[in-house]
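**Q** heads up, no residue letters with this:
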């Protein structure tokens with residue numbers, strides 16, 4: 001396995017997304033519900049003038065679902081994490097669960113002890129997982 005290297009800021013961004021994965025899933029559901037049932041107004045036309053959305057509610061909601069920027073980005077992030085996570089071995093999946101999703105604030109040393117691998121090996125796994133997610137999101141150099 002070759003060493004993967006991405007910018008520190010990108011790695012931090014990907015790890016942040018891993019920590020907040022379940023919140024992103026809830027945000028996607030909430031945003032879709034808000035758009036479909038009209039609970040929020042996501043009008044980005046703050047400069048005045050007439051909007052270019054159709055006046056019929058069904059068509060407007062469909063267009064909002066398709067063009068909502070935050071919703072689109074959250075869906076990209078969640079899809080990338082799900083894709084990479086689904087391809088991981090059970091040991092690597094457990095490492096992701098313990099470190100990012102357990103809510104117990106495990107250190108890498110604690111995760112390594114729990115799984116039974118060295119911390120160095122765990123760091124290599126982490127770097128590869130982060131790289132794979134970043135690549136799917138278009139944030140890593142090929």
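**A** Cool, got the structure. Treat the numbers as computed from the prediction; the structure is a model and nothing was measured.

**Q** so residue 4 touches residue 125, yeah?
**A** No. Proximity of residue 4 to residue 125 does not meet the contact threshold set by Cβ atoms under 8 Å, at 10.9 Å. (C-beta placed from N, C-alpha, C; glycine too.)

**Q** who has more neighbours, those two?
**A** Shown here are residue 4 and residue 125; by other Cβ atoms under 10 Å, residue 125 has more neighbours (21 against 15).

**Q** so what secondary structure elements neighbour the helix or strand harbouring the more buried one?
**A** Residue 125 is located in helix 119-136, with elements delineated by DSSP states H and E. Packing partners of helix 119-136 (3 or more Cβ pairs under 8 Å, 6 or more residues apart in numbering; DSSP states H and E): helix 8-19, helix 69-87, helix 90-96, helix 108-115.

**Q** so for residue 132, which of the ones you listed sits nearest?
**A** Across the helices and strands packed on helix 119-136, residue 132 has its closest neighbour in helix 69-87 (4.6 Å, Cβ to Cβ).

**Q** do you know how far the residue nearest in space to the middle of the chain is from residue 115?
**A** The centre of the chain sits closest to residue 77, judged by Cα atoms, centre = their mean, with a distance of 3.0 Å. Using Cβ to Cβ, to the nearest Å, one obtains 25 Å as the distance from residue 77 to residue 115.

**Q** give me phi/psi at residue 116?
**A** With angles defined as degrees, to the nearest 10, residue 116 sits at phi 90, psi 30.

**Q** do residue 139 as well
**A** The phi and psi torsions at residue 139 (degrees, to the nearest 10) take the values phi -100, psi -10.

**Q** the closest residue to it other than its chain neighbours: neighbouring residues, count only.
**A** Leaving aside its chain neighbours, residue 139 sits nearest to residue 10 (5.0 Å; criterion: Cβ to Cβ, 6 or more residues apart in numbering). Neighbour count of residue 10, defined by other Cβ under 10 Å: 17.

**Q** wait, what's in contact with residue 10?
**A** Shown here is residue 10, whose contacts under the criterion Cβ atoms under 8 Å, 6 or more residues apart in numbering are 134, 139-140.

**Q** out of those, who's the most crowded?
**A** Compared across the contacts of residue 10, residue 134 has the highest neighbour count, 22 neighbours, by other Cβ under 10 Å.
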